[in-house]
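**Student:** Need the 3D shape of this:
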Amino acid sequence: MPMIEPQPRQSQLDAIQALLFTEPVRARELCLALLAQTRQTFDAKTFIAAALQLSQIEDQLGDLTSAINQLFEAMVFAEEFKQSQCRPEILEQIGRCYYTQACYPQALEHWLQCVVLCGKDAEFLKTRSLALMGLGQICDVWGDHALAVRMHASAHQLLLDTGDVFLRVKAKINWAVNLQKTGDLIGAKELLRRSLTLCLQHQLPHYAATSSYRLAEIELMNGHLEASECLIEEGLAIVAITPYHWAEVNLLALWAQLMEKRGQSQQALDIVQRGLQIAQQDGFRHQEMRLADQAERYARAIGKIDLADDYARKVNFIMLHLNTTTTPQFAPNLSSLSDLLE
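**Tutor:** Below is the predicted model:
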């Protein structure tokens, strides 16, 4: 019997890319198989491309430790097999994985390395813009929302002539989040509406869910409960079809807040417990702490004092962990980030 030739590897990468945001579980299966193949044959170029794809998949599904391990292995391949042009993109994705795990010093370190490596080289324009978005999110974590706005606006500007809708949407959402935090709700809503439209036009469901979540957040802030609930329902309908755990957790947390405003604390507790389970499974520590704090409040409101005390202990434990991983000595460096925009 003649041997059946394996599917050409570029075709395999293309197949994974096509499933990345619509069927991430299937994309992960294909990606892990391709990584195993290329590791055995020392196909550095394909291994690096697959590792980068896996990190995007796990950003949706949550196994970020695995993604980081594959990315560090990809960095070794890049150095050993003279694929140095791939290093900025690998660094950017490592930063992204660390950020999602709330490991901010490590995220900052890798994003800064990425921006320096990219320089002003047109070849690395997209990667530089992603790293600037990441640094904007670091600014957001430490409360410098004005600098975060500048970072995200700069990243968006770099992307205007690229035709890359995915990255433009990503920049718009992050930009909008920090405009909201500086008090510019009108500007934030406009960016998010444009983002949601682009997502629906170009089949970017996980960013559509994120846009719905952020718009729902603003509507809830403004006391528009019905409009907020409609947007939450739209977002949850999207993540029910296309898993995106980060957005799902946040949508559930926001829905619980809405239920609390309606005086329905038991329903709020039921909803937030669903989100808490996902956050725990995926290691979303900041979200887990925030949802546990909500759960404590709702449990106390309905007289479940022992349960409320359990959640209070959980909040304290996670806060202790985050305080040891987000040490303040790197925060003063934020002022120097402005130099990257010159």
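**Student:** quick one: low-confidence ranges for the stretch 201-342 of the chain?
**Tutor:** 324-333, 335, 342 (pLDDT under 70).
**Student:** Do you have the helices of the stretch 101-250 of the chain handy? List them.
**Tutor:** 104-118, 125-141, 145-159, 165-181, 185-201, 205-221, 225-241, 245-261 (DSSP state H, counting those that start in this stretch).
**Student:** Format those as JSON lines; extra columns: mean neighbour count.
**Tutor:** In short, each C-beta sits where N, CA and C put it, glycine included. What follows is these, written out as JSON lines (neighbours: other Cβ atoms under 10 Å):
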{"stretch": "helix 104-118", "mean neighbour count": "21"}
{"stretch": "helix 125-141", "mean neighbour count": "24"}
{"stretch": "helix 145-159", "mean neighbour count": "21"}
{"stretch": "helix 165-181", "mean neighbour count": "22"}
{"stretch": "helix 185-201", "mean neighbour count": "18"}
{"stretch": "helix 205-221", "mean neighbour count": "24"}
{"stretch": "helix 225-241", "mean neighbour count": "18"}
{"stretch": "helix 245-261", "mean neighbour count": "23"}
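**Student:** could those helices be laid out in CSV, adding distance to Ala299?
**Tutor:** Output for those, formatted as CSV (distance: least, Cβ to Cβ, whole Å):
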stretch, distance to Ala299
helix 104-118, 30
helix 125-141, 28
helix 145-159, 32
helix 165-181, 29
helix 185-201, 32
helix 205-221, 21
helix 225-241, 22
helix 245-261, 12
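**Student:** pLDDT score for Tyr104?
**Tutor:** pLDDT, Tyr104: 87.
**Student:** Quick check, it in contact with Gln137.
**Tutor:** No - with contact defined as Cβ atoms under 8 Å, Tyr104 does not reach Gln137; the gap is 9.1 Å.
**Student:** What separation do you get for Ser299 and Asp310?
**Tutor:** Wrong residue type there; residue 299 is Ala, not Ser. 8 Å (Cβ to Cβ, to the nearest Å).
**Student:** Show me which of those two is the more surrounded one.
**Tutor:** Shown here are Ala299 and Asp310; by other Cβ atoms under 10 Å, Ala299 has more neighbours (24 against 15).
**Student:** any idea which element the more buried one lies in?
**Tutor:** Using DSSP states H and E, Ala299 maps to helix 285-301.
**Student:** Name the residues of that helix that are buried.
**Tutor:** Of the residues in helix 285-301, 285-300 count as buried by neighbour count, 16 or more other Cβ atoms under 10 Å.
**Student:** report the angle between the axes of the helix or strand following that helix and helix 104-118?
**Tutor:** Counting by DSSP H and E, the next helix or strand C-terminal to helix 285-301 is helix 305-325. Per axes from the mean of the first three to the mean of the last three Cα atoms, to 10 degrees, the angle that helix 305-325 makes with helix 104-118 is 40 degrees.
**Student:** Tell me the buried residues in helix 305-325?
**Tutor:** 307-308, 311-312, 314-315, 318, 322.
**Student:** Which strands and helices lie in contact with that helix?
**Tutor:** When contacts are defined as 3 or more Cβ pairs under 8 Å, 6 or more residues apart in numbering; DSSP states H and E, helix 305-325 packs onto helix 285-301.
**Student:** if we go to 10 Å?
**Tutor:** Applying 3 or more Cβ pairs under 10 Å, 6 or more residues apart in numbering; DSSP states H and E, one finds that helix 305-325 contacts helix 104-118, helix 265-282, helix 285-301.
**Student:** And that helix, how far out from the chain middle?
**Tutor:** Offset of helix 305-325 from its chain centre (Cα atoms, centre = their mean, to the nearest Å): 24 Å.
**Student:** which residues sit against that helix?
**Tutor:** With Cβ atoms under 10 Å, 6 or more residues apart in numbering as the test, helix 305-325 has contacts from 98, 101-106, 269, 272-273, 276, 280, 285-302, 304.
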